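Engineer: give me coordinates for this.
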Amino acid sequence: GVGGMSVVGQLAPIFKGVGYSAIMMVFLENVYYIIVITWTLFYLFNTFMDLPSLPWSDCSKGNGTWATVSCWAPESGIPYTESVAAMNNISEADTETAVEQFWRNEVLHASDGIEEIGEVQWDLFICLIVAWALVYGFIWKGLHNSGKLLWVCAVFPYIILSILCVKALTLEGASEGLKFLFTPEWERLYEAEVWIDGGTQIFFSYGVGIGSLLALGSYNKFHHNCHRDAIFVCCVNSFTSIFSACVIFSILGYMAHQKGVEVGEVVQSGPALAFLVYPEVVLAIAPSPFWAFLFFIMLLNLGLDTQFSSVESLMTGLVDNWPEQLRPHRKKFTLGMTVFMCLLGLPMITRGGIYVFQLMDFYAASGLSLLWCVFFQTIAICWVFGAKKFYLCIEEMIGYRVSMYWYVCWVFLAPAFMVFIFVFYFVRYSPITMGAYHYPAWGEVLGFAISLSSMLWVPGYAIYYLLSTKGSWSEVLRQGVTPVIKPRKEAVMAEEKARLTCQDVRDVEMNIEADLSDDSCDSYDSKRCLGEDL
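Structural biologist: The predicted structure follows:
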């Protein structure tokens with residue numbers, strides 16, 4: 001259980017701040033991502049509140065509470081001309097479905113902006129406590145002890161998503177949604193947000209930069225085929241993104257058809273998308289409560305799976321940096337951090353919480369801060385430690401050389417791509433928004449402060465290292481780029497075996513098998529020449 005956040009500092013001590021930057025990002029991610037699980041639990045509990053239907057199935061169920069005069073649910077069977085919205089002279093395009101209003105007015109009790117934070121929603125507060133209790137219950141011993149749980153969390157969503165996909169594709173208007181999904185809008189390539197959202201989404205969904213994959217991978221055996229796993233994870237992740245996008249946009253096409261508007265206008269993009277799209281489609285599948293229950297269980301699995309990995313990454317990173325103080329008390333320390341992060345999440349379950357969440361989602365562990373951290377990780381590993389050494393380390397572990405394409409990516413393509421996105425973001429900068437809402441100037445300043453809280457660790461620690469390390473400038477720089485990593489026992493054994501010559505291998509085997517008569521080293525395969533059969 002070694003965390004990836006401490007590895008960079010061991011490969012290049014002067015870049016140890018990259019690890020601290022990753023720890024800060026993961027900490028902030030854990031604080032706000034749990035809110036998605038909180039919303040999921042709220043929906044899951046409400047699935048049973050209005051059997052045999054669902055609370056968001058009709059506007060009449062929210063009369064006097066969450067439904068306003070602009071609420072109209074086409075699937076209820078009430079024509080628009082006879083709806084409350086029509087009686088109040090609200091156009092069909094300006095109406096909102098019961099699903100939309102349930103989300104905004106019942107789940108969030110959303111205010112008009114971040115300026116109006118308001119009070120804590122106590123029903124969400126209970127769900128937040130339950131969410132953190134579930135997370136702590138599974139990771140207090142370490143995530144590697146929950147292998148079967150992770151398999152369930154990984155496989156179950158695909159089953160539910162496949163069922164929803166079949167139904168979504170049969171809905172009227174689904175083809176328009178798919179057409180909207182796969183029709184490129186080339187002019188949007190000039191928007192900085194598109195590039196930074198696309199780049200950081202890849203990093204975030206793959207777990208790049210935040211140490212979770214490295215923390216989980218540290219439980220593998222030394223000769224485990226990490227190259228195969230990396231290719232597999234990338235393929236599965238990309239397939240899942242396309243698959244789920246097809247489901248979502250099929251439903252968006254259906255919703256647009258029902259309201260008589262364009263697909264791009266049916267709902268606002270953002271963190272609420274899943275809670276607007278999927279609750280809509282389950283209304284079209286009988287029995288609705290059963291399918292809603294399965295969907296939110298699936299969403300809960302996905303959320304907990306991500307949260308498990310992130311919390312494990314954070315705990316492992318902190319314990320790695322202060323092993324003597326924290327490792328003997330890991331369970332208590334994990335409990336303390338869980339309570340602390342739970343308290344920090346309270347502003348996001350207030351009436352203005354969705355605006356705080358959006359700010360955290362954009363600035364905390366994605367966007368600029370994530371690009372910054374991954375860029376310096378790449379520089380530290382591939383330029384300071386050395387891509388060639390890294391390349392040979394992989395060969396030593398998996399037993400064969402990977403394509404030189406990866407070497408070119410590590411050294412040139414990946415850093416260049418990140419620099420391009422980073423520069424392009426500031427050249428084409430546009431203020432953060434949430435739908436039609438524009439954040440105040442102090443909100444953007446707060447967002448950049450959140451990003452800087454993780455980004456400043458990289459240059460800050462480098463300056464601290466240069467000033468605190470004894471010796472001349474050249475000596476300090478030499479120490480700063482000299483690896484201090486201690487190899488695992490399996491790595492030492494593998495290295496010793498690799499040093500054996502073919503003659504050494506033959507001599508050892510001749511002592512074991514007296515009848516060995518081969519005189520040519522060429523008669524041995526490459527693995528045996530490396531001593532891997534000893």
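
Engineer: all contacts plus neighbour counts: C-alpha atoms, from now on.
Structural biologist: Will do.

Engineer: tell me where the protein has strands.
Structural biologist: With strands called from DSSP state E, the chain shows them at 433-434, 437-438.

Engineer: dump those to CSV, plus distance to Tyr464 and mean neighbour count.
Structural biologist: CSV is the format used below for these (distance: least, CA to CA, whole Å; neighbours: other CA atoms under 10 Å):
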stretch, distance to Tyr464, mean neighbour count
strand 433-434, 37, 16
strand 437-438, 39, 13
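
Engineer: how about those in JSON lines, adding distance to Ser468 and mean pLDDT?
Structural biologist: Below are these laid out as JSON lines (distance: least, CA to CA, whole Å; pLDDT from 0 to 100):
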{"stretch": "strand 433-434", "distance to Ser468": "43", "mean pLDDT": "84"}
{"stretch": "strand 437-438", "distance to Ser468": "44", "mean pLDDT": "88"}
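
Engineer: ok, which of those comes nearest Val484?
Structural biologist: Comparing the strands of the chain by their distance to Val484 (CA to CA), the top pick is strand 433-434, with 44.9 Å.

Engineer: from Ala256, how far off is the spatially closest residue to Ala22 that is not a sequence neighbour?
Structural biologist: Of all residues not flanking Ala22 in the chain, Ile210 sits nearest, at 5.2 Å (CA to CA, 6 or more residues apart in numbering). Distance, Ile210 to Ala256, using CA to CA, to the nearest Å: 38 Å.

Engineer: more neighbours, the two?
Structural biologist: The neighbour count for Ile210 versus Ala256, taken as other CA atoms under 10 Å, is higher for Ile210 (32 against 23).

Engineer: do I have it right that the more buried one meets Val18?
Structural biologist: No: counting by CA atoms under 8 Å, Val18 is not a contact partner of Ile210; they are 10.0 Å apart.

Engineer: what number of residues lie near the residue lying closest to Gly17 once chain neighbours are set aside?
Structural biologist: Leaving aside its chain neighbours, Gly17 sits nearest to Val458 (4.3 Å; criterion: CA to CA, 6+ apart). Under the neighbour criterion other CA under 10 Å, Val458 is assigned a count of 22.

Engineer: Val458 against Val18, yeah?
Structural biologist: Yes: the pair Val458 / Val18 is scored as a contact, 5.2 Å apart, by CA under 8 Å.

Engineer: now do the shared contacts for these two.
Structural biologist: Cys373, Phe376 (CA atoms under 8 Å, 6 or more residues apart in numbering).

Engineer: roughly how far apart are Leu252 and Ile196?
Structural biologist: 24 Å.

Engineer: quick one: which of these two has more around it?
Structural biologist: Leu252 (32 against 21).

Engineer: how about the contacts made by that one?
Structural biologist: Going by CA under 8 Å, 6+ apart, the list of residues near Leu252 reads Ala174, Gly177, Val263, Val266, Val267, Val277.

Engineer: again, only using 10 Å
Structural biologist: Each residue near Leu252 by CA atoms under 10 Å, 6 or more residues apart in numbering is listed here: 168, 173-174, 176-178, 180-181, 246, 258, 262-267, 273, 276-278, 280-281.

Engineer: just those: which are in helices?
Structural biologist: 168, 174, 176-178, 180-181, 246, 258, 273, 276-278, 280-281 (DSSP state H).

Engineer: which residues of this protein score low on pLDDT?
Structural biologist: For the chain, the stretches with pLDDT under 70 are 1-5, 75-76, 141-153, 211-212, 215-216, 267-271, 488, 490-491, 494-534.

Engineer: the helices in the stretch 201-350 of the chain, which residues?
Structural biologist: 212-217, 226-259, 273-282, 288-321, 323-326, 330-344 (DSSP state H, counting those that start in this stretch).

Engineer: any chance of CSV for the ones you listed, columns distance to Cys373?
Structural biologist: Formatted as CSV, these follow (distance: least, CA to CA, whole Å):
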stretch, distance to Cys373
helix 212-217, 14
helix 226-259, 20
helix 273-282, 28
helix 288-321, 15
helix 323-326, 23
helix 330-344, 22
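
Engineer: which one of the ones you listed lies closest to Leu54?
Structural biologist: Using CA to CA, the helices of the stretch 201-350 of the chain put helix 288-321 closest to Leu54, at 6.1 Å.

Engineer: list the helices and strands that closest one packs on?
Structural biologist: helix 16-46, helix 122-139, helix 147-169, helix 212-217, helix 273-282, helix 323-326, helix 330-344 (3 or more CA pairs under 10 Å, 6 or more residues apart in numbering; DSSP states H and E).
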